[in-house]
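Asks: just a sequence and a predicted model for now, questions to come.
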Amino acid sequence: GQNIDQPTEMTATEGAIVQINCTYQTSGFNGLFWYQQHAGEAPTFLSYNVLDGLEEKGRFSSFLSRSKGYSYLLLKELQMKDSASYLCASWGLTGGGNKLTFGTGTQLKVEL
Amino acid sequence: DTEVTQTPKHLVMGMTNKKSLKCEQHMGHRAMYWYKQKAKKPPELMFVYSYEKLSINESVPSRFSPECPNSSLLNLHLHALQPEDSALYLCASSQELTGMNSPLHFGNGTRLTVT
């Protein structure tokens, strides 16, 4: 089975750094994805981790610890347009095969 | 702009209607997906196709019927829906069905309202 937990809401200030945590329990774990979703729009791919460590992509970085079932998304130099829902998602095995399961999402609000 | 195209963008249908949602991608991806998303909830997987064959059906009611005519197209046929089926229906594709560095690319979705 699959279980993913992340905080429901977070608030941060423009220009600051914010870390969004995600813990997961996934059978046949095959990678951890982060997606950004603005209200009324489709999710957009941000990052992917399958090995332990940090992946950096501009203002966004993602970290994975497989042994702890833990990941975080780090957003630097926050901008107002970063206000969105951030979805942690894990690839894993179910009875039907490999699938991507999403956490409930963290609604990030960036304030002045 | 998304590389996965969904039509229509909005759809209003009665409970006795039959309609279809369409999805198209030209990235050469071999896995395609249908997700359902209710307001303030994460996307929930409905169906997965891999190499044009149904790989996963997440116990979706038979009033939803998927079809994959070829590797670029994915349809979702709707019949006798209920008001609680109103949601955003997202199509996605990925290079393979493994997850290994194969992220899902989502379309902009079809906003479905059942009256």
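Replies: Sure thing, it's come through.

Asks: so how far is stretch B:13-25 off the chain centroid?
Replies: 10 Å (C-alpha atoms, centre = their mean, to the nearest Å).

Asks: list of residues touching that stretch?
Replies: Surrounding stretch B:13-25, the residues in contact under the criterion C-beta atoms under 8 Å, 6 or more residues apart in numbering or on different chains are B:3-8, B:11, B:32, B:34, B:72-83, B:89, B:91, B:93, B:105, B:107, B:110, B:112-115. The C-beta positions use only the backbone N, C-alpha and C, and glycine is treated the same way.

Asks: could I get the phi/psi values of B:Pro83?
Replies: Backbone torsions of B:Pro83, given as degrees, to the nearest 10, read phi -50, psi -30.

Asks: ok, now which ones touch the closest residue to it other than its chain neighbours?
Replies: The spatial neighbour of B:Pro83 that comes closest, neighbours along the chain excluded (C-beta to C-beta, 6 or more residues apart in numbering or on different chains), is B:Val114 at 5.0 Å. Shown here is B:Val114, whose contacts under the criterion C-beta under 8 Å, 6+ apart are B:Val12, B:Met13, B:Gly14, B:Met15, B:Leu81, B:Gln82, B:Pro83, B:Glu84, B:Asp85, B:Ser86.

Asks: and B:Val114, how far from B:Gln37?
Replies: As defined by C-beta to C-beta, to the nearest Å, B:Val114 lies at a distance of 15 Å from B:Gln37.
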